[in-house]
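Participant: no FASTA, just this:
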């Protein structure tokens, strides 16, 4: 799978802003609304106008950096996020976003450093651990990734993405039973998660549980999954 797509789907942004009633903050609020509906060009224009009014507006630089990332303009994204951090060296969201941007360019070492800084700034936010786990996993630090995912789940017991990711990296490490338990938890939280059924079936098959694997694939097939049908033709003949 394309690594850029993985990061776009795996990493979660949740940037919180405190808005005052001044014009720059009003522009930023409108920019965030545009970003939420994926009107990215308008979001960038509004952030730029906010920056023109307040050159030290760290939140506007951060949001514009995130939007540039979503548009695939990584150099502009990094420039804005660097500037946001320069203005506010304790900006949790900016470190998290810069880590995601760096990771998407396969600069995992610096990405982990950014996410570690985010953890330092807000150790109670599960996203920081989750995002660092993904970057660590791409560095083949599976133990570190699992430790971070454990912490993310400890902080947020219904963190579906964390259970799925932990299951995946347990699977890659050959810990099939632990992977199966995690995929099963995903399904408990999201019974219509077709990909979790397929992943669990694969882990069960590799763990020697062929019949159960075929049962899981049947459930995924009933949801309309062509991928599950193709695997069923291999696993269940």
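Facilitator: That came through, no problem. Since the structure is predicted, the reported quantities are computational estimates derived from the model, not experimental observations. Residues are numbered from 1 along each chain as shown.
Participant: just checking, next helix/strand downstream of the least confident helix or strand in the chain by mean pLDDT?
Facilitator: Least confident helix or strand of the chain, by mean pLDDT, DSSP states H and E, is helix 3-10 with a mean of 47. On the C-terminal side of helix 3-10, the closest following helix or strand by DSSP states H and E is helix 23-36.
Participant: And that following helix, what does it pack against?
Facilitator: Counting contacts by 3 or more C-beta pairs under 8 Å, 6 or more residues apart in numbering; DSSP states H and E, helix 23-36 packs against helix 40-53, helix 58-70. C-beta coordinates here come from the backbone N, C-alpha and C atoms, glycine included.
Participant: chain center to it: distance?
Facilitator: Mean-position distance between helix 23-36 and its chain equals 23 Å (C-alpha atoms, centre = their mean, to the nearest Å).
Participant: again with stretch 200-219
Facilitator: 27 Å.
Participant: mean confidence score for it?
Facilitator: Mean per-residue pLDDT for stretch 200-219: 95.
Participant: end-to-end on it?
Facilitator: 11 Å (C-alpha to C-alpha, to the nearest Å).
Participant: Sort out which residues of that stretch are buried, please.
Facilitator: 200-205, 207, 209, 213-214, 216-217, 219 (16 or more other C-beta atoms under 10 Å).
Participant: Now do the helices for this structure: every range, in order, please.
Facilitator: For the chain, the helices defined by DSSP state H cover 3-10, 23-36, 40-53, 58-70, 74-87, 92-104, 108-121, 126-138, 142-155, 160-172, 176-189, 194-206, 210-222, 226-235.
Participant: which stretch in those helices is the model least sure about?
Facilitator: helix 3-10 has the lowest average pLDDT among these, namely a mean of 47.
Participant: For burial, what's the neighbour tally of the nearest residue to residue 173 once chain neighbours are set aside?
Facilitator: In this structure, residue 173 finds its nearest non-sequential neighbour in residue 142, 5.0 Å apart by C-beta to C-beta, 6 or more residues apart in numbering. Neighbour count of residue 142, defined by other C-beta atoms under 10 Å: 16.
Participant: sorry, back to before: so which of the helices and strands packed on helix 23-36 is the most packed in?
Facilitator: Ranked by mean neighbour count, the helices and strands packed on helix 23-36 are led by helix 58-70 with a mean of 26 (mean count of other C-beta atoms under 10 Å).
Participant: Show me what that helix is in contact with.
Facilitator: 8, 13, 15, 17, 24, 27-28, 31-32, 35, 40, 43-44, 47-48, 50-51, 54, 74, 76-81, 83-84, 87-88, 91, 93-94, 97-98, 100-101, 104 (C-beta atoms under 8 Å, 6 or more residues apart in numbering).
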